[in-house]
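1. Please work out how this folds:
(2 chains)
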Amino acid sequence: MQVNTAIPVIELKNVSKTFGEVRSLSEVSLAIYPGEIVGLLGDNGAGKSTLVKTIMGFHQPDDGGEIWFKGEKISDWNVAKARELGIETIYQERALCELQPIWRNMFMGREIVNRFGKLDVKRMKEEASRLMSEHMGFTSTAVHPDNAVLTMSGGEKQGVAITRALHFEAELVILDEPTVGLSLSETKKTLEFVQGIKKSGRSAIFIDHNIFHIYPAVDRMIVLDRGKVAGNYLKSEITMDELIESMYRVARTGSLKEH
Amino acid sequence: MTENTKTAVKGNSARPPSFWRRFGMQFGIWSVGILIWLVFVFTAAETFTSKDIYLAFASTTPMFAIMAIPLTLIVITGEIDLSFPSISALATGGFAKIYAGTGNVLLGIGVALIIGVICGYLNGWLTTRFAIPSLVITIGTGFLFRGIELAWMNGSGTALTDPELDGIKSILVGRTFFGIANQFWWTILITGILWYVLNRTRFGAHIFLTGDNKTSAQLMGVNVSKVKRRTFAIMGFFAAFAGLVSSFDISYFWPTMGEGQLMNSIAAVFLGGTSVFGGIGTLTGTFVGSFIIGAINAGIVASGLTAFYTQVFFGLVIIASVILQAIISKRVKR
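-> I've put the predicted structure just below:
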């Protein structure tokens, strides 16, 4: 396999995460390669969201776990650093500040400033307006950058979150259950967005409950169960039916081994 | 109603936010201000058409407005500070002690401002480090700072009548332009500076995000604890400054100073339309709110009512304004 000789965009080595008595992640090791779309599957409570938040630096891994970015070990991992290096996440909970206008949400945490550190409000509004119309297909006046996010529909809010990830041209985009609560056409648009990431040679981690969304969109699938990596398949190695079958087996027995 | 069809979504949001949606809250506070002013002009025409009353506002209102302005930043982050009157007193006490010991005015001022920043930062640190609501922790630190100050001063005041202090007095509380007290110009300057900080810096942008949705802000890489600690430190700095201003104005440092300003400052912030839930607020609103409160204090007496009615009127205006704001913000969200 040709991708595996490349340096991974991000690599986790023996990452565990414990909250009090609860071990959410247990010695997870995985690597995401350039231009690769990886599906992350797992039941509720499998640790998917914890894994995403650990990759993003929102949670610190327990001692002994290592995070490598493009072949370099990273210390003091935090969200600001992760985003600066080029990892963007579209969170399940969308991570919007709904009382604030669209332009503030679009540039949240990565505001545009001039060389004196002054916010370039005008440019952020123009960019927000342009991005919303170009990428989300809202006509140029449809969504005004001064509108508060809480006045928008669910799909439009998701549009803000997706456009935000897109704007910063991340090397790695993580989508955490992006289709939850979306209409059919909005879901289709989101799946097209995932294909767009692949076409531009960047990588993505795609998390979804729905195997029918994941399977067609990805190159590889990682199955997570109770905080552990339970399986790792290239799409060429497994059919959708086999995958569904093994997911049920994991849910029943906690193991993929019999496969 | 917008979920059904695509065209409905577009048709509905194809406009920029209406004037009402954008400026409704501002409009509300300015209307309240103008209405109260008109009431006073009609009930106490003689007083409210002469310029003396306005000169009096300009001299007394800044004593709490200078603290209400930075307090607005804290409230926007979703926190509150109840200890700033004590910070004021402790910092000004620090000035009195240093000046008495060294005779150096600038050193004294520097020490006072540093004490303010340290106390403020401590509030922020305790709040964020232990995740204790600031409402609770600053009650504690309020007693602590006041207690330290009273013990340090041995409970007695200090006269600030030394001729050496005339220079600093004329800068802080003199009359430079149009006979208006300098503290008024300081208030304008501080409002301008903090307006810039809030609306034109990344730190200011993070203040709004922190108060709006802390988790979202953190997920997008905003260090919300740092943002909060900084706003508390800014509050401490200006509490110290306000303490110096009000003590120089009366040429005396009272160890109990600032106690009456707590409610005035907090009322000014909420009257100005800043949300108690965080994420929303304006400094111009607080500025107008401060002067409304200053006007009520003076206006009641000028209208021929006894001062006992001040608080009745005060209470009614605050309650009515806050109800008005609740109605406006409900409308705005639709």
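2. Can you pull out the low-pLDDT segments for the chain?
-> By default, I'm working from chain A. Within chain A, the segments meeting pLDDT under 70 span A:1-5, A:135-143, A:254-259.
3. hm, I was asking about chain B
-> Along chain B, segments meeting pLDDT under 70 span B:1-22, B:331-334.
4. how about the strands in it?
-> B:158-159, B:175-177, B:180-181, B:252-253 (DSSP state E).
5. To B:Phe27, which of these lies closest?
-> strand B:180-181 (27.2 Å; C-beta to C-beta). (C-beta placed from N, C-alpha, C; glycine too.)
6. B:Phe241 is in contact with B:Leu113, correct?
-> Yes: using C-beta atoms under 8 Å, B:Leu113 is in contact with B:Phe241, at 6.8 Å.
7. Which one's more surrounded, these two?
-> Taking other C-beta atoms under 10 Å in any protein chain shown, B:Leu113 and B:Phe241 do not tie; B:Phe241 has more neighbours (24 against 21).
8. That one touches B:Gly116, doesn't it?
-> Yes: assessed by C-beta under 8 Å, B:Phe241 is found in contact with B:Gly116 at 7.3 Å.
9. For chain A, which segments count as strands?
-> Secondary structure of chain A (DSSP E): strands at A:10-19, A:22-32, A:37-41, A:66-69, A:72-74, A:87-90, A:172-176, A:203-207, A:220-225, A:228-234.
10. Okay, helices next: where are they in the stretch 101-250 of chain B?
-> Secondary structure of the stretch 101-250 of chain B, counting by DSSP state H, counting those that start in this stretch: helices at B:105-129, B:134-153, B:166-173, B:182-200, B:202-212, B:214-219, B:224-250.
11. which strands and helices sit next to the last one?
-> Read it as helix B:224-250. If you count contacts as 3 or more C-beta pairs under 8 Å, 6 or more residues apart in numbering or on different chains; DSSP states H and E, helix B:224-250 packs onto helix B:62-76, helix B:84-102, helix B:105-129, helix B:166-173, helix B:182-200, helix B:202-212, helix B:214-219.
12. Return the residues of the stretch 101-250 of chain B in contact with chain A.
-> Applying C-beta under 8 Å from any C-beta of the partner chain, we find that the stretch 101-250 of chain B lies next to chain A at B:199-202, B:204-206, B:208-209, B:212-213, B:215-223.
13. Go again with 6 Å.
-> B:200, B:202, B:205, B:208-209, B:212-213, B:216, B:219-222 (C-beta under 6 Å from any C-beta of the partner chain).
14. can you put these in a markdown table and add neighbour count?
-> Formatted as a markdown table, those follow (neighbours: other C-beta atoms under 10 Å in any protein chain shown):
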| residue | neighbour count |
| --- | --- |
| B:Arg200 | 18 |
| B:Arg202 | 17 |
| B:Ala205 | 25 |
| B:Phe208 | 25 |
| B:Leu209 | 28 |
| B:Asp212 | 27 |
| B:Asn213 | 25 |
| B:Ser216 | 23 |
| B:Leu219 | 22 |
| B:Met220 | 28 |
| B:Gly221 | 20 |
| B:Val222 | 24 |
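15. who's in contact with the most centrally placed residue in chain A?
-> Closest residue to the average C-alpha location of chain A: A:Ile174 at 1.4 Å, with C-alpha atoms, centre = their mean. Listed by C-beta atoms under 6 Å, 6 or more residues apart in numbering or on different chains, the contact partners of A:Ile174 are A:52, A:89, A:205.
16. Between those, which sits nearest chain B?
-> A:Thr89 (7.4 Å; C-beta to the nearest C-beta).
17. Would you mind listing the residues in contact with that closest one?
-> Counting by C-beta under 6 Å, 6+ apart, A:Thr89 makes contact with A:56, A:174.
18. List the beta-bridge partners for it.
-> Note on A:Thr89: beta-bridge partners by DSSP bridges are A:Ile174.
19. next one: stretch B:140-150 to chain centre, how far?
-> Here stretch B:140-150 is found 20 Å from its chain centre; the criterion is C-alpha atoms, centre = their mean, to the nearest Å.
20. got a list of contacts for it?
-> Stretch B:140-150 has contacts (C-beta under 6 Å, 6+ apart) with B:82-83, B:86-87, B:89-90, B:93, B:119, B:123, B:255.
21. give me that answer again for 7 Å
-> The contact list for stretch B:140-150 (C-beta atoms under 7 Å, 6 or more residues apart in numbering or on different chains) reads B:82-83, B:86-87, B:89-90, B:93, B:119, B:122-123, B:255.
22. quick one: buried residues of that stretch?
-> B:141-142, B:144-146, B:148-150 (16 or more other C-beta atoms under 10 Å in any protein chain shown).
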